[in-house]
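Undergrad: Following is a predicted model, sequence given first.
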Amino acid sequence: MFELRYTTTPAWTEAVLNDFNAFLIDHAAAEKKASGMAVSMLSHYPDKPDIVLAMSDLAIEEMAHFREVIKIMIERGLQLAPDTRDPYVNQLRKLSRAGTDVYLLDRLLLGSVIEARGCERFGLIAQALPAGSMKDFYIAIAESESRHEDLFLTLALKYFAEQTVTERLDEILDAEAEIVRQLPIVAALH
């Protein structure tokens, strides 16, 4: 486990609560993209059975989350929006280095940091919601994101020396904090 280096402000939580429907639509998109990322990763590393198994489980779990968000959206009369690029994820992906080994390390660490940010933000939503099924849902989602953060970091430590992982994670956490600091505050996960 590690700590993110930028703490999401209360203004973000307020923006989400003020336009929760928009947040739900973005949340659904984020779950769908996370599932797709997991499928992409298992396809990229067929020679690494632990990654294939972990990413197949992750893809299914993220798609299950997507299904749950869709159910909530339908109850509210909402529909999916067209796919758009996530500026946060796109900026983070630019940190990926070329080269077989370093690319794998970066993908795993970026996955861990993205999940950590999701854990933080879903947790903030859970804290802000009144008691009820929606609050319980976001508590469960935040716990899931925490497990995913650990999953990616554990895989990184399996393939790379701890010092290598720690040094690269340090660089990514600094960059991620700056990226998040500059994001506009909107009713979206990132």
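TA: Received, thanks.

Undergrad: Show me the shaky parts of this protein.
TA: Scanning the chain for pLDDT under 70 picks out no residues.

Undergrad: the helices in it, which residues?
TA: 10-18, 20-44, 49-75, 87-93, 100-128, 133-159, 162-182 (DSSP state H).

Undergrad: Figure out how far stretch 29-41 is from the centre of its chain.
TA: 10 Å (CA atoms, centre = their mean, to the nearest Å).

Undergrad: Let me see the contact set for the residue nearest to the spatial centre of the chain.
TA: Centroid-nearest residue in the chain, with CA atoms, centre = their mean: Glu115, separated by 3.5 Å. Contact partners of Glu115, counting by CB atoms under 8 Å, 6 or more residues apart in numbering, are 145-146, 148-149, 151-152. Yep, even glycine has a C-beta here, placed from its N, CA and C like the rest.

Undergrad: and the gap between it and Glu75?
TA: 27 Å (CB to CB, to the nearest Å).

Undergrad: sorry, back to before: would you quantify the distance from the residue nearest to the centre of the chain to Ala131?
TA: For Glu115, the distance to Ala131 - CB to CB - is 26 Å.

Undergrad: same question, Tyr45
TA: 42 Å.

Undergrad: These two: which is more packed in?
TA: Remark: of Tyr45 and Ala131, Tyr45 carries more neighbours, 17 against 7, as counted by other CB atoms under 10 Å.

Undergrad: Name the nearest residue to the more buried one, sequence neighbours excluded.
TA: Ile51 (4.7 Å; CB to CB, 6 or more residues apart in numbering).

Undergrad: same question, Ser96
TA: Asp106 (4.4 Å).

Undergrad: ok now do Tyr138, which residues does it touch?
TA: So Tyr138 contacts 122-123, 125-126, 129 (CB under 8 Å, 6+ apart).

Undergrad: one more time with 7 Å, if that's ok
TA: 122, 125-126, 129 (CB atoms under 7 Å, 6 or more residues apart in numbering).

Undergrad: So the nearest residue to Ile72 once chain neighbours are set aside versus Ser40, what's the distance?
TA: Counting by CB to CB, 6+ apart, Leu24 is the residue found nearest to Ile72 once chain neighbours are left out, at 6.1 Å. Leu24 sits 25 Å away from Ser40, going by CB to CB.

Undergrad: okay, these two: which has more neighbours?
TA: Leu24 (19 against 13).

Undergrad: what's the closest of the contacts of Glu115 to Ala187?
TA: Of all the contacts of Glu115, Glu145 has the smallest distance to Ala187: 18.4 Å, by CB to CB.
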